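**Student:** Provided below for reference: sequence and predicted model.
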Amino acid sequence: MSTHPIRALLKQSPLYARFKQLGHYPDYWYWKLRGKPRRIPHIIKQRVVLEYARTFGLSTLVETGTYYGEMIAAVVDHFHKIYSIELDRELVKRAHQRFRNYSQVEILEGDSQMVVPELLQRLDERCLFWLDAGYCGWGKGIGNPNRLGSEFSAILSNKITDHVILMDDADGINGEGGSPTLPELIALVECNYPKRRVEVAHNIIRITPR
């Protein structure tokens, strides 16, 4: 489906990313009024990222799925280094422009399934991984059924054994299109990596060292 011409024009404005960021606040209050349903507003996701960074003493963030850079903008002052991976070239260009004055931010273009393992070879410290690159919807042709598993495997099998992983949209791991179900994914991680704890809260999968 093509984008409406007016919406396409608005997206080209440098103010669009700011508009998106401000929109998280009414979204948060609407979420509370609805009784805090499973799909949480972005501001809660930002708080979860910061909470886990503080709890585990992590100063490097690796994000998959830059989109308009809302997560980076919200947490940039709390990390010494941020790597953000984005497949869409136009979004990469916008992120480069938006964060050009932040030396600690590095935008990486490409498929996170390929970029994450390559990036891990460069890293020499514990990191917080925020996986938000559209892993759900395999049945609709987004990615392939092994994509998320390959990224989990690369991170959990890395020489640095205490990376922390947060993955958004846990309810999308539902067995469609050849993907595992959420219980299957949890069992797979806990079976193959017994030193890891897996929890799900606010629709976010959280994998931490035991």
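**Tutor:** Sure, I can see it.

**Student:** residues of stretch 179-195 that come out buried?
**Tutor:** For stretch 179-195, burial by neighbour count (16 or more other Cβ atoms under 10 Å) applies to Ser179, Pro180, Leu182, Leu185, Ile186, Val189, Tyr193. For glycine as for every other residue, the C-beta is placed from the backbone atoms N, C-alpha and C.

**Student:** quick one: contacts of it?
**Tutor:** 138-139, 145, 148-149, 152, 156, 161, 170-171, 173-175, 196, 198, 200, 205, 207, 209-210 (Cβ atoms under 8 Å, 6 or more residues apart in numbering).

**Student:** Mind checking which of those residues are buried?
**Tutor:** Neighbour counting with 16+ other Cβ under 10 Å marks Trp138, Leu148, Gly149, Phe152, Leu156, Ala170, Ile173, Arg196, Val198, Val200, Ile205, Ile207 as buried within the contacts of stretch 179-195.

**Student:** right, and the helix or strand after the one helix or strand the fourth one maps to?
**Tutor:** Taking DSSP states H and E as the criterion, the element that holds Phe152 is helix 147-156. In the C-terminal direction, the helix or strand that comes right after helix 147-156 (DSSP H and E) is strand 164-167.

**Student:** That next one pairs with which strands, and in what direction?
**Tutor:** Paired neighbours of strand 164-167 in the sheet (DSSP bridges): strand 128-131 (parallel), strand 204-209 (antiparallel).

**Student:** What's the first helix or strand after it?
**Tutor:** In N-to-C order, the element after strand 164-167 by DSSP H and E is helix 182-192.

**Student:** I'd like the average pLDDT over that next one.
**Tutor:** Helix 182-192 carries an average pLDDT of 89.

**Student:** now the helices for this structure?
**Tutor:** Secondary structure of the chain by DSSP state H: the helices cover 5-11, 16-22, 24-33, 42-56, 70-75, 89-98, 112-120, 147-156, 182-192.

**Student:** Which of those helices has the lowest mean pLDDT?
**Tutor:** helix 5-11 (a mean of 50).

**Student:** Spatially nearest residue to Ile165, not counting backbone neighbours?
**Tutor:** The spatially closest residue to Ile165, leaving aside those adjacent along the chain, is Ile207, at 4.0 Å (Cβ to Cβ, 6 or more residues apart in numbering).

**Student:** pretty sure that neighbour contacts Asp162?
**Tutor:** No. Using Cβ atoms under 8 Å as the test, Ile207 is too far from Asp162 to be in contact (10.6 Å).

**Student:** thinking again about what came up before, can you redo the strands paired with strand 164-167 as a markdown table with distance to Val76 and mean pLDDT?
**Tutor:** Shown next, in a markdown table, are the strands paired with strand 164-167 (distance: least, Cβ to Cβ, whole Å; pLDDT from 0 to 100):
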| stretch | distance to Val76 | mean pLDDT |
| --- | --- | --- |
| strand 128-131 | 13 | 96 |
| strand 204-209 | 20 | 95 |
